[in-house]
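K.L.:
have a look at this prediction, sequence included:
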Amino acid sequence: MAEVTISVGGHNYVLSTGDGEEEALGRLAAIVDKRVASARAMVGGLSEVRQLLIASLLLADELTEKGSSTPPSTDDDGSAMRVNAATRRIAALTQRLDALASRTA
């Protein structure tokens, strides 16, 4: 397992990821960071957790609009594996966000 530091919403997070997946995780973090900035611009004064929540909702909305709310079939060119890897990384981020939320509540 590799560790990578990502920056989202002006905060750095150290996450574990599979070897060789560091760059992909960095790209995903950049996308989330952009959505956090959008959330902050739309509604100022949000807590970090709420910024991340709104960013997640923006991303989910974007996926739904593109018709990507269902995972690709396993017959494609490896997209399913990338989606599964991204899902695992998102699950790890969600756990960290839950821990942050419980500390600030």
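P.N.:
Noted; the coordinates are in hand.
K.L.:
CA only for contacts and neighbour counts going forward, please
P.N.:
Will do.
K.L.:
in stretch 49-56, which residues are buried?
P.N.:
For stretch 49-56, a neighbour-count test (16 or more other CA atoms under 10 Å) marks Gln51, Leu52, Leu53, Ile54, Ala55, Ser56 as buried.
K.L.:
mind putting the residues you listed into JSON lines with secondary structure?
P.N.:
As requested, the buried residues of stretch 49-56 are exported to JSON lines (DSSP: H, G, I helix; E, B strand; the rest coil):
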{"residue": "Gln51", "secondary structure": "helix"}
{"residue": "Leu52", "secondary structure": "helix"}
{"residue": "Leu53", "secondary structure": "helix"}
{"residue": "Ile54", "secondary structure": "helix"}
{"residue": "Ala55", "secondary structure": "helix"}
{"residue": "Ser56", "secondary structure": "helix"}
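K.L.:
pLDDT and distance to Ser7 added to those, as CSV?
P.N.:
Listed next are the buried residues of stretch 49-56 as CSV, based on pLDDT from 0 to 100; distance: CA to CA, whole Å:
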residue, pLDDT, distance to Ser7
Gln51, 82, 14
Leu52, 82, 12
Leu53, 82, 16
Ile54, 81, 17
Ala55, 83, 14
Ser56, 82, 15
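K.L.:
and those as a markdown table, adding distance to Glu21?
P.N.:
Output for those, formatted as a markdown table (distance: CA to CA, whole Å):
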| residue | distance to Glu21 |
| --- | --- |
| Gln51 | 25 |
| Leu52 | 22 |
| Leu53 | 24 |
| Ile54 | 26 |
| Ala55 | 22 |
| Ser56 | 21 |
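K.L.:
now stretch 28-43: average pLDDT?
P.N.:
Averaged over stretch 28-43, pLDDT sits at 87.
K.L.:
what do you get for stretch 6-13?
P.N.:
So the average pLDDT for stretch 6-13 ends up being 90.
K.L.:
thanks again, I'm all set now.
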